[in-house]
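# what shape does this take:
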Amino acid sequence: MKTFLRCTACAVAVLLLAECGGKSERTDGKVEITFWHSFVASTVPAFNELVRKFEEENPGIVIKAQYVPTGDALIQKLVTSVQSHTAPDISWIHSDFIDKLVEAGAIYRMDEFLSGPDSLSKAELDDIFRPLLQGATWKGTLYAMPMEATSLALLYNRDLFRKAGLDPDHPPADWNELSDFARKLTIDQDGNGLPDQYGFFIPVFPASGDLNIWMILQWTPFLWQAGGVEVDANQSRVLFNSDAGVRALTLWRTLYQDLNFSTFGIAHDIGFASQRLAMVLDGPWNLPRYREIRNFDWAVAPLPAGPARRATYVAGEHMAIFRQSAHPREAWTFVKWMLKPEVQAMFSIRSGYLPVRKSTLTLQSYEEYLATDGALKAFVDQMAVGQGRQSIDYRRVEINRFLAEAIEKATLGKEDPKRMLDEAAARCDALLKTRPHP
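The predicted structure follows:
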């Protein structure tokens, strides 16, 4: 993320200026908790409903929810707010930014809340999907709590499958079928030499832009499916340039060229809704928008299996409590409330996000709903093969950028996948050697 990288050098220095803020209670005696989030528009109604329910159950607390664009805009706003002593009580954050906030002393350790009388029990903590807790952990310490879970699945147009002579009840089961179906579903309808319908959206975005992390999140499961990993256990060198990484990137490069995908120029969700795309990768947060599709038959399927296994990611945004908060205990009350199994069930049903707790999956009300919503159920079922991205304590943002550049050059730039991954790995390894030592 270009803008973020430019401000990283000064971010820690700015954040170190943080002191306890001077927020006060409202004149009506209620405590006001400011919560910053970056929920997409289709999720906001579900979140607002949760806020109303929380305030009904906790009449002494008011949640002031504020939308902030994610990525560069969010981290910059956090930096500025801490400098000016106007930081929120709670903000949703991505795991890649936790280290900067921790090193600056800007957010609480969760054990400061988990050790008190209003804590979560060990059983309750163990009930949270482990990859989500791992994403909020830095150097062995938990600094945030997951708010929701996300995953990645394959959405496909069943009507276009039928027109292409494909079985709509048989989405691609592996890479070979993904490639075969994608080619059959790519059609030049007017004979001008350019596809009017594309079989599969290859999620390639500019490495220097805000969507580079979204590209990496979609490529990494293919790395896992081929049997690869991102980094070694000691975080001393990256491993994405292994044979598995080369196979995964070669698949993307081949599809990108075979489908003439450089001629496709609209967003994936718009392309799918307009039936210009037959298959797309997407997360559950967009389900409210897809549920509005009434003019064609569509479904959600697991990601196709790779040469080694099935895999997808389980990730999510996290709730961090800022040290400038004048009401950290009330902020914790909201965080803890959000983790209730029944609250997670309600939010999942309304928003499309996945629950963060295993016990939510066994609630009768949630099971009954999933029986009526095959799309959400497909995402939930995939959590069984989901995993979190490996922890990288330092240089994660820069490593993301170098990997994104390799993906972009190999697909859009038609460069050799192995050479691009090797070059990116060399740059990443050099960065890892410069990380601080304990």
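# residue contacts, the closest residue to S262 other than its chain neighbours?
Spatial nearest neighbour of S262, excluding adjacent residues (C-beta to C-beta, 6 or more residues apart in numbering): L412 at 6.6 Å. Where C-beta positions appear, they are placed from N, C-alpha and C, glycine not excepted. For L412, the contact set (C-beta atoms under 8 Å, 6 or more residues apart in numbering) comprises V204, Y256, S262.
# in stretch 225-244, what counts as buried?
For stretch 225-244, burial by neighbour count (16 or more other C-beta atoms under 10 Å) applies to 225-231, 235, 238-242, 244.
# for the residues you listed, give me a markdown table that also has secondary structure.
Below are those laid out as a markdown table (DSSP: H, G, I helix; E, B strand; the rest coil):
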| residue | secondary structure |
| --- | --- |
| Q225 | helix |
| A226 | coil |
| G227 | coil |
| G228 | coil |
| V229 | coil |
| E230 | coil |
| V231 | strand |
| Q235 | coil |
| V238 | strand |
| L239 | coil |
| F240 | coil |
| N241 | coil |
| S242 | coil |
| A244 | helix |
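# tell me the one of those nearest L287?
Taking C-beta to C-beta as the measure, L287 lies nearest Q225 of the buried residues of stretch 225-244, at 23.3 Å.
# is it correct that the closest one is in contact with A305?
Yes: look at Q225 against A305 with C-beta atoms under 8 Å: they come within range, at 6.4 Å.
# quick revisit: which of the contacts of L412 are buried, as a ChimeraX select command?
Here is the ChimeraX selection string for the buried members of the contacts of L412, based on 16+ other C-beta under 10 Å:
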select :204,256
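# pLDDT and secondary structure for the contacts of L412 - can I get that in TSV?
Output for these, formatted as TSV (pLDDT from 0 to 100; DSSP: H, G, I helix; E, B strand; the rest coil):
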residue	pLDDT	secondary structure
V204	95	coil
Y256	97	helix
S262	93	helix
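# and the buried residues of stretch 225-244, which is closest to K100?
Using C-beta to C-beta, Q235 is the member of the buried residues of stretch 225-244 that lies nearest K100, at 17.0 Å.
# and the residue nearest to S262, how close does it get to L281?
According to C-beta to C-beta, to the nearest Å, L412 and L281 sit 17 Å apart.
# next: V102.
From V102 across to L281, the span is 31 Å (C-beta to C-beta).
# what do you get for D169?
Applying C-beta to C-beta to D169 and L281 gives a distance of 20 Å.
# where do the contact lists of Q225 and A305 overlap?
With C-beta under 8 Å, 6+ apart as the test, Q225 and A305 both reach W175.
# can you give the domain ranges for this structure?
In terms of domains, the chain is parsed into 2-148+315-371, 153-314+392-433 (source: automatic domain parsing).
# ok, back up a step: and the pLDDT at the residue nearest to S262?
pLDDT recorded at L412 is 94.
# any idea how far it is from F205?
10 Å.
# of all the domains of the chain, which one comes closest to A378?
Comparing these by C-beta to C-beta, domain 153-314+392-433 comes nearest, at 3.9 Å.
# can you mark which positions in stretch 47-57 are buried?
Quick answer for stretch 47-57 (16+ other C-beta under 10 Å): F47, L50, F54.
# nearest to F113, of those residues?
Once C-beta to C-beta is applied, the member of the buried residues of stretch 47-57 that ends up nearest F113 is F54, at 17.0 Å.
# surely that closest one and F334 touch.
Yes: F54 is within contact range of F334, at 6.3 Å (criterion: C-beta under 8 Å).
# which residues do the two both contact?
Residues touching both F54 and F334 by C-beta under 8 Å, 6+ apart: I61, I63.
# returning to what we had before: reformat the domains of the chain as CSV; add distance to Q382.
Below are these laid out as CSV (distance: least, C-beta to C-beta, whole Å):
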stretch, distance to Q382
domain 2-148+315-371, 9
domain 153-314+392-433, 5
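# among those, which gets the worst mean confidence?
Mean pLDDT is lowest for domain 2-148+315-371 among the domains of the chain, at a mean of 85.
# how far out from the middle of the chain is that one?
In terms of C-alpha atoms, centre = their mean, to the nearest Å, the centre of domain 2-148+315-371 is found 15 Å from the chain centre.
# over to Q218. Which of the three states is it?
helix.
# what number of residues lie near it?
Using other C-beta atoms under 10 Å, Q218 has 24 other residues around it.
# so who does it touch?
Q218 neighbours (C-beta under 8 Å, 6+ apart): L152, P203, L281.
# same thing with D159?
D159 touches P168, Q275, F296, D297, W298, counting by C-beta under 8 Å, 6+ apart.
# among the residues you listed, which ones are buried?
Buried among the contacts of D159 (16+ other C-beta under 10 Å): P168, W298.
# where's the nearest residue to L303 once chain neighbours are set aside relative to I93, distance?
Spatial nearest neighbour of L303, excluding adjacent residues (C-beta to C-beta, 6+ apart): T312 at 5.1 Å. With distances taken as C-beta to C-beta, T312 is found 22 Å from I93.
# could you do G386 as well?
21 Å.
# same check on V62?
From V62 to I93 the distance is 22 Å (C-beta to C-beta).
# and the strands in the stretch 301-438 of the chain?
312-313, 318-321, 386-387 (DSSP state E, counting those that start in this stretch).
# between those strands, which one is nearest to S179?
strand 312-313 (18.6 Å).
# would you turn the contacts of L412 into a markdown table with distance to D174?
Formatted as a markdown table, the contacts of L412 follow (distance: C-beta to C-beta, whole Å):
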| residue | distance to D174 |
| --- | --- |
| V204 | 22 |
| Y256 | 19 |
| S262 | 26 |
